[in-house]
Each structure stands twice: as structure tokens, then as C-alpha cells.
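[1] Structure for this input, please:
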Amino acid sequence: MPTRVHPARPGDPARIGPYRIIGRLGSGGMGTVHAALDPEGRRVAVKVIHAAQSDDDEFRARFRREVEVSRRVSGPCLVPLLAADTDGAAPWLATEYVPGPTLAQHITADGPLGGARLYALAAGTAAALAAVHAAGVAHRDVKPANVVLAPSGPRVLDFGIAHAVDGTSVTRTGVMTGTAGWISPEAYRTGTTSPAGDVFAWGALIAYAATGRLPFGTGAPDAVAYRVMSGDPDTAGMPDDLLGLVTSALAKAPEDRPSAATLAEKCTALLAAQTTQALPPESDPNTAADDLVTAQWDMPALDDPAWQAPAGRRKGRTIAVVVGAAALAGALAGGLLFQASGPGARSSANGPTSVPSSTVDAKNSAQAAVRSQGPAVAAEDDPGQAEASLTSWKASRSARTPAENDVFGAMGTGAWLDPIAYPAFDRDITFHLRRGEVYIATSGQELPPAAVQEVASTACLGLRDILKSYPDFPYHEYVVVDTARTQGPSIVWEDDFRTNTTCSTSVQNRTAPTAGQDPDWQPSEAGLEQARIPSTDRDEIRVAGGTVDTILSEWQGNSRLVTDPNWLDNRNMSVGFAPEESVMYVWAEKPAWDTATRDRWAALAAGTACRAVIREAQARKEWRYAQYAVTIVDNAGSSTFLRWGSAGSCAA
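    Okay, the predicted model is just below:
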């Protein structure tokens, strides 16, 4: 299931059944999948059949049968059907939204699975197929693209549902059900599909997950089919205990394969052995698999801020990106997708452990009261949240491993800052293993921006020293939390100490293009007003959003100080288009900025805008904008144009 929400298109419904549509998750030849919210605000995927299929009585009948069958299917690692309308003008069905990459996407990006995660995948997917088969249904398209690695465990998609949507749920004469390489030998020979065929595909799926290689290779479909029917699968490198189960599942004859329920039971036992947990006698393998997978799964997922879109349809040429205070507010509501227990409860399964340091733990215990102060946040942490949040900070834990215990000393003893200027300064260091984050919580007194940068630099240098002694140190981000701020604890800095090799903390030291004001034309107030008019053009929205993203990221650097007078976000910076002038306008509502600050921002904004315009002009003939203008807007709405130019005056 796609993770990212794309903007709704003209003509998309605002509501389907009880669900409010906020965007699109994807579209295919048979239907469109919409991102939606139910009346309680829960995330839902709503699949709507295209009109051409809706008018096909045979297709509608098959779709109705598939929906009715799918209502009976429930179990671990499945995506339940929430609601459906098979008789309406546009048939639809709704399922829970499942975030995360597919198995295929994950292996392409990060390689094969290993350890408890591999065994959890095997147990969870086998238990899912066992539940499907128990309901009298054959999945018929088990493959990596139909398994999503969600934060709470693997999820098998499209059992008897998406098959109806894309026409593969009912085999017609001359139509093969399934995907080459994931089709059983008997299906190739006779077209037979059955639960045994799903078991064969499961064996291929786990082999692929463990090795990163397609078990029957690649190439022309007929060559793959020959290897499936006559060749041996490539399973080299698989764990021995799992290899036996996969080999039996890949037997050429369906009667020689174990059932999915048997595989679920045996894989669950292997998972329990991996995690040193004992299964109770005569336990239900499906329930045991679900519990163990949930307890041991450690797959993060990036959240999408589009789910927090306002109730009204997003419109406008004026584009802005939610960052700063708004992003922090979103982070405080994290944890909606993460269903497993927090990192502190299972960190030992993901890295080495040692006896905790009594000195450090005593200090962290003393600081725990400080961590409990501030605005109320969700009880869970959200590993899918792109930025650190107070929620994830509160879920962090004290040092446990030798490397973690050494971090405190690596950052220096005593006060980091001038003990005369900051006599009460102290720090509390905690760790969030799942997110790979080290938290440095300062206390005693509120830190001004210069002091925050000094803390950030010292923390970065200390953590880079740790890497020299512990190259396998499982962290990459460091986050500074100021607990002494009057409004409550606030995250004031976040950076990657692995990529920031110089531990630079300069906020606005970016290179900028040469100052320019094109003498051949002038931007106008009328053009700026036109740029403020809402736009529905997808290319304009995309380019404007990307331009804002780049400018804000470069201008802010790694600072999280929303109280900084130079802070920019969606409330005071925008990008829009004036079609009559063919000009892209960039403006900031910062009348209090001095000349030097205005010039620095204008240089960055002009360079970014110029490159955006020229890239689009080179990519498509229909792109009408060849000029850009950058301006500061005062409280009365009047503008001061700082830079403007034409495509071709900058490097693409």
C-alpha cells in the first residue's frame, strides 16, 4: 500500500460513504485508491472502481462476490475490510491504511532481512495465509509487492479484494492468475490455483526476503516458468532452520507441501527460539505468531504530514510547507501508527547489552522528573515521524551498553558552557535505539541561540569520538532538548553527527548566487497579487512546494528555534505564480529584517527559484514561466522587491 499521499485531482470526490477524502494513494487501470479519514479521524484507504468496470455487469458481480468472501477473512498480519458498497454507481471498498514500504521496495533499498525480523516475516505471513485458507479463500497473488512492512508487523494485502479490482480474482480462458516467478508449477501447467499454490509462493517470498535474490531468477516469463516447473530454487545463504521449511513449501507437487497453518506453527516456534521466548503448550499458532511478531518487529515507517491536511480541499497558487511550530505540534500527536511496545522494552534484541552504569542511571533517574514536564503528548513514540519529537524524547531510555555509557564522558565533564555565565547548566543523555537518536536534555536555565549552537557542536564532536572506539554504534542523530524554556521542554536542535563531519552549527552560512536585478524587466505589485490567487495546476503546485522545501531547509539549517527572529515557515513565506507575466514570485513576510538579513535570504531564494524555473523550462515545452522575483512583504501588504531575473541566468 503506498505510503505517501498525493494531492487530490480535479473531479475526485470529497467524500465516499462515511470517509472524507484527503488525497490519492495511487491509481491503476481498474480503479483509484484514495487516502481518507473516517469520522473519528482514523486513516483509511478507499478503493473506487473506474466507471468502465462499473458498467460491466460481469465485473461488478465478481467484485460483489469477492467483497462478500473477504468479509469472512480475519487474522494476524492481514488488512481487514472496513466497509464496501458493491451496488452504487461507483463501487468501492475501504480498508485500514497500512503505512510502510513493500517487501520489494525494502529489499531494493536496504537488502535482505535477517535475524528476528526475517523469522517474524515468515511467521506473520504464514499465519496470514493460514487465516485466509481457513476462510476458504486462496490468495493467488502472494509476492513481495503484496507484503507491506508496517511499523506493527508485516501485512499481507489484497486477499480476495484487489484481485477483483485488477481483474485477477477470477481466472478467464487464456488469462493466467498471478505474477511470473510467484506462480506455482501446477498453475503453469493446468491453471490450477489453490491454497497449495499460495504456500509455494510463500516459500519463494521467504527465500527472496532472506537472500535478496529471486529464487527462480529473472528474464523472459517463459524462461522463469521453465525454471519454476523444472529447476531448483536459489536458496543459498538462508538460515538452516528456515531453509527446510522453505524447501518443503517449494516442492513441485502440491501434495508434498505443508499447509500454511503448519508453516505458521513451525515458524512461530523458530521466532520464539530467536527471541528466547517459550511458547505455552498447545498455544494457538496464529495468536502466538501475532503476539511474537508484534513484540519483536522493529520496522520504522515515515509518516506523511498530508494526513493532517485541513478539512477543506487544498487549493491555491500560494504554497507553503508546514515546519517549525506546526511540525512540532504534529510530532506531539505522534504514535498513531506505531502499535508495538517502545524501544526501551526491546532494545536488547537490537544490539549489545551490558550492566547499566549506576552513576549514569542515578543521574538519569534524577532527571526523569524534568522529562515528564511540559505539554501533554501521546503516550507512544512514533518511529515513523521524520523529525524527533517530545514524544520520542519521552520514550528514550538511559544508557545500557558500554558505548552508550561512554557518551556522557565523551561530551566532556562538568559544564559544557561558561560556568560563570551558566552556573546551573546540566545535561541528561538518553537514547532511542529504534530511531537511532541520542537526546541531550539541558536544564538549569533557558539557552539562547548561541548557547544552543555551542551545545550542538560539543555533542556532535563527542559522538563522533564515540564512533572511533565503537564503529558499530547504532545511532546517527543527536537531538538537543531545552527543558528550561518557559513554555515547557522544546527541541532546539537536531542533526546527523555521521554526515556532519565538521560538526558545523552555522545556521545561515550557505553559498548564494550573485546579486541580481534584471534591467530588462521589473516585477510588479499586480503580478504579486496574481501570484496569491489559488492555483489548481499540478505542475505549479509541485514546483512551488519543492521550492519552498529547499529554501526553508537551507535557510533554517538544522535549527529548531522557532522563536529565532529569522525563523521562516508556512506562515510567513510563500511561492506563487503570475500567469499573465510568466513570473514565479517568492515572498517572505519579514518586515523587521535588517538589510543584511534580507540580502542573505534574497540570495538564497533567488538562486533556488531560478534553478527551479530553468529545470522546468528544460523539461517541458508547455511550462510558461521563464522569470522569477523575490520580495519582502510588510505588515500592510506592500512589497520591496529584492532580486529578480530570468531562466538562463543561473546554473540548472
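
[2] For burial, what's the neighbour tally of G607?
    Other residues within reach of G607, judged by other Cβ atoms under 10 Å, total 25. C-beta coordinates here come from the backbone N, C-alpha and C atoms, glycine included.

[3] can you list the domains in this structure?
    Taking automatic domain parsing as the criterion, the chain consists of the domains 103-296, 341-496, 525-646.

[4] Reformat the ones you listed into JSON lines and put distance to V67 and mean pLDDT next to each item.
    Shown next, in JSON lines, are the domains of the chain (distance: least, Cβ to Cβ, whole Å; pLDDT from 0 to 100):
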{"stretch": "domain 103-296", "distance to V67": "7", "mean pLDDT": "81"}
{"stretch": "domain 341-496", "distance to V67": "30", "mean pLDDT": "67"}
{"stretch": "domain 525-646", "distance to V67": "32", "mean pLDDT": "84"}
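
[5] Out of those, which is closest to Q53?
    With Cβ to Cβ as the measure, domain 103-296 is the member of the domains of the chain nearest Q53 (8.1 Å).

[6] quick one: T550 and C610 touch, right?
    No. Assessed by Cβ atoms under 8 Å, T550 is found out of contact with C610, at 11.8 Å.

[7] more neighbours, the two?
    Counting neighbours by other Cβ under 10 Å for T550 and for C610 shows that C610 has the greater number, 26 against 18.

[8] Check the secondary structure at that one for me.
    When classified by DSSP: H, G, I helix; E, B strand; the rest coil, C610 comes out as helix.

[9] ok, it touching Y628?
    Yes. C610 is within contact range of Y628, at 5.6 Å (criterion: Cβ under 8 Å).

[10] hey, C-alpha coordinates of the strand or helix carrying L467 in CSV?
    Per DSSP states H and E: L467 is located in helix 449-469. Extracted in CSV, the C-alpha atoms of helix 449-469 (Å, rounded to 0.1, in the frame of the first residue of the first chain):
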residue,chain,number,x,y,z
PRO,A,449,20.6,30.6,20.3
ALA,A,450,24.4,31.0,20.6
ALA,A,451,24.5,28.6,23.6
VAL,A,452,22.3,26.1,21.8
GLN,A,453,24.8,26.0,18.9
GLU,A,454,27.7,25.5,21.4
VAL,A,455,25.9,22.6,23.0
ALA,A,456,25.1,21.1,19.5
SER,A,457,28.7,21.4,18.4
THR,A,458,30.1,19.8,21.6
ALA,A,459,27.5,17.0,21.4
CYS,A,460,28.4,16.3,17.7
LEU,A,461,32.2,16.2,18.4
GLY,A,462,31.7,13.9,21.4
LEU,A,463,29.5,11.5,19.4
ARG,A,464,32.0,11.4,16.5
ASP,A,465,34.7,10.5,19.1
ILE,A,466,32.5,7.6,20.1
LEU,A,467,32.5,6.3,16.6
LYS,A,468,36.2,5.9,16.7
SER,A,469,36.0,3.5,19.6
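
[11] buried ones in it?
    449, 451-460, 462-464, 466-467 (16 or more other Cβ atoms under 10 Å).

[12] circling back: okay, the domains of the chain in TSV with distance to Q517 next?
    Below are the domains of the chain laid out as TSV (distance: least, Cβ to Cβ, whole Å):
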stretch	distance to Q517
domain 103-296	44
domain 341-496	32
domain 525-646	6
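
[13] For L25, which of the ones you listed is the nearest?
    Minimum separation from L25 across those (Cβ to Cβ) falls at domain 103-296, 11.9 Å.

[14] quick one, strands of the stretch 101-250 of the chain?
    Along the stretch 101-250 of the chain, the stretches classed as strands by DSSP state E, counting those that start in this stretch are 147-150, 153-156.

[15] what number of residues lie near G545?
    G545: 15 surrounding residues under other Cβ under 10 Å.

[16] didn't T32 look like it was pressed against A45?
    No. In terms of Cβ under 8 Å, T32 does not count as a neighbour of A45; the distance is 10.7 Å.

[17] Next, the contact list for G181, please.
    Contact analysis of G181 by Cβ atoms under 8 Å, 6 or more residues apart in numbering lists K143, A204, L214, P215, F216, G217, T218, V224, V228.

[18] Please produce TSV containing these, extended by neighbour count and distance to V633.
    TSV is the format used below for the contacts of G181 (neighbours: other Cβ atoms under 10 Å; distance: Cβ to Cβ, whole Å):
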residue	neighbour count	distance to V633
K143	20	53
A204	25	59
L214	19	56
P215	24	61
F216	25	62
G217	14	60
T218	10	56
V224	21	60
V228	24	65
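
[19] between the residues you listed, which is closest to E387?
    K143 (33.6 Å).

[20] how many other residues sit next to the closest residue to that closest one other than its chain neighbours?
    Among residues not flanking K143 along the chain, W182 sits closest, at 4.2 Å (Cβ to Cβ, 6 or more residues apart in numbering). W182 has 27 neighbours, counted by other Cβ under 10 Å.

[21] and W182, what are its phi and psi?
    phi -120, psi 10 (degrees, to the nearest 10).

[22] Please verify my assumption that E589 contacts S638.
    No. Using Cβ under 8 Å, E589 is not in contact with S638; the gap is 11.1 Å.

[23] hmm, back to that, next up, the contacts around the residue nearest to K143.
    By Cβ under 8 Å, 6+ apart, the residues touching W182 are D141, V142, K143, A201, A204, L205.

[24] tally of neighbours for the fourth one?
    When you say that, I think you mean A201. 27.

[25] where's the nearest residue to it once chain neighbours are set aside relative to P254, distance?
    Take A201 and drop its neighbours on the chain: the residue closest to it by Cβ to Cβ, 6+ apart is V142, 3.7 Å away. The gap separating V142 from P254 is 14 Å, by Cβ to Cβ, to the nearest Å.

[26] Also A612?
    To P254, A612 is 57 Å away according to Cβ to Cβ.

[27] Pick out whichever of those two has more residues nearby.
    Counted by other Cβ under 10 Å, A612 and P254 do not tie: A612 has more neighbours, with 24 against 17.

[28] That one contacts G546, doesn't it?
    Yes. If you go by Cβ under 8 Å, A612 and G546 touch, sitting 6.7 Å apart.

[29] Run through the residues that contact V79.
    Counting by Cβ under 8 Å, 6+ apart, V79 touches M1, T95, E96, V98, R155, V156, L157.

[30] ditto for V44
    Contacts of V44 by Cβ under 8 Å, 6+ apart are Y19, A35, A36, L37, D38, L82, A94, T95, E96, Y97.

[31] taking the mean pLDDT, what do you get for the helix or strand hosting it?
    Per DSSP H and E, V44 falls inside strand 43-49. For strand 43-49, mean pLDDT rounds to 90.

[32] Centre of the chain to it, how far?
    The chain centroid and the centroid of strand 43-49 are separated by 19 Å under Cα atoms, centre = their mean, to the nearest Å.

[33] Neighbouring strands - and their directions - for that strand?
    Strand 43-49 sits in its sheet next to strand 31-37 (antiparallel), strand 92-96 (antiparallel), going by DSSP bridges.

[34] Quick check: which of those strands is nearest to G237?
    That would be strand 92-96 among those, by Cβ to Cβ, at 34.6 Å.

[35] CA atoms only for the closest one - export them in PDB, please.
    Extracted in PDB, the C-alpha atoms of strand 92-96 (Å, rounded to 0.1, in the frame of the first residue of the first chain):
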ATOM      1  CA  TRP A  92     -15.900   1.000  -3.600                       C
ATOM      2  CA  LEU A  93     -14.400  -0.700  -0.600                       C
ATOM      3  CA  ALA A  94     -12.500   0.600   2.400                       C
ATOM      4  CA  THR A  95      -9.600  -1.000   4.400                       C
ATOM      5  CA  GLU A  96      -7.400   0.200   7.100                       C
END
